[in-house]
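Student: my questions are about this predicted structure, shown below with the sequence.
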Amino acid sequence: MPSLPERIYEETKTLADFQAREVLDFIGYLKHKCVAAPEPAPSSDRTDDDWAEFENLAGAWSGKFDREACYDRPILR
């Protein structure tokens, strides 16, 4: 059984030029996506702060929305 790269090569040989260029563009996208991977998750204390902020503003979903409280956040100061 051929390896995965060999199978990809065999499949791309049957494509029209414009389709092969799309495959090549997609390969470039995948490579860039792996290089530009997001940074690791923040420390747990920062995550807890984010969760606490979410819980404070959770009333917005139940109809208890205080617009002023929404703008009174450290990140917006």
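Tutor: Cool, the structure landed.
Student: for the rest of this, base every contact and every neighbour count on C-alpha atoms.
Tutor: Noted.
Student: what about residue 3, how many residues nearby?
Tutor: Neighbourhood size, residue 3 [other CA atoms under 10 Å]: 8.
Student: find me the pLDDT at residue 75, would you?
Tutor: pLDDT recorded at residue 75 is 67.
Student: got the residue ranges for the helices in the protein?
Tutor: 4-13, 17-35, 44-57, 67-71 (DSSP state H).
Student: tabulate the ones you listed (TSV), appending mean pLDDT and mean neighbour count.
Tutor: What follows is the helices of the chain, written out as TSV (pLDDT from 0 to 100; neighbours: other CA atoms under 10 Å):
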stretch	mean pLDDT	mean neighbour count
helix 4-13	92	11
helix 17-35	88	12
helix 44-57	69	12
helix 67-71	70	10
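Student: and the protein, split by domain according to the record?
Tutor: For the chain, automatic domain parsing gives the domain ranges 4-35, 44-76.
Student: the shortest one spans what distance, first to last residue?
Tutor: Right, domain 4-35. End-to-end distance of domain 4-35: 22 Å, with CA to CA, to the nearest Å as the criterion.
Student: what sits against residue 30?
Tutor: Contacts for residue 30 (CA atoms under 8 Å, 6 or more residues apart in numbering) come out as none.
Student: from residue 23, how far out is it?
Tutor: Taking CA to CA, one finds residue 30 at 11 Å from residue 23.
Student: what's the answer for residue 53, then?
Tutor: 43 Å.
Student: what does residue 69 give?
Tutor: Taking CA to CA, one finds residue 69 at 49 Å from residue 23.
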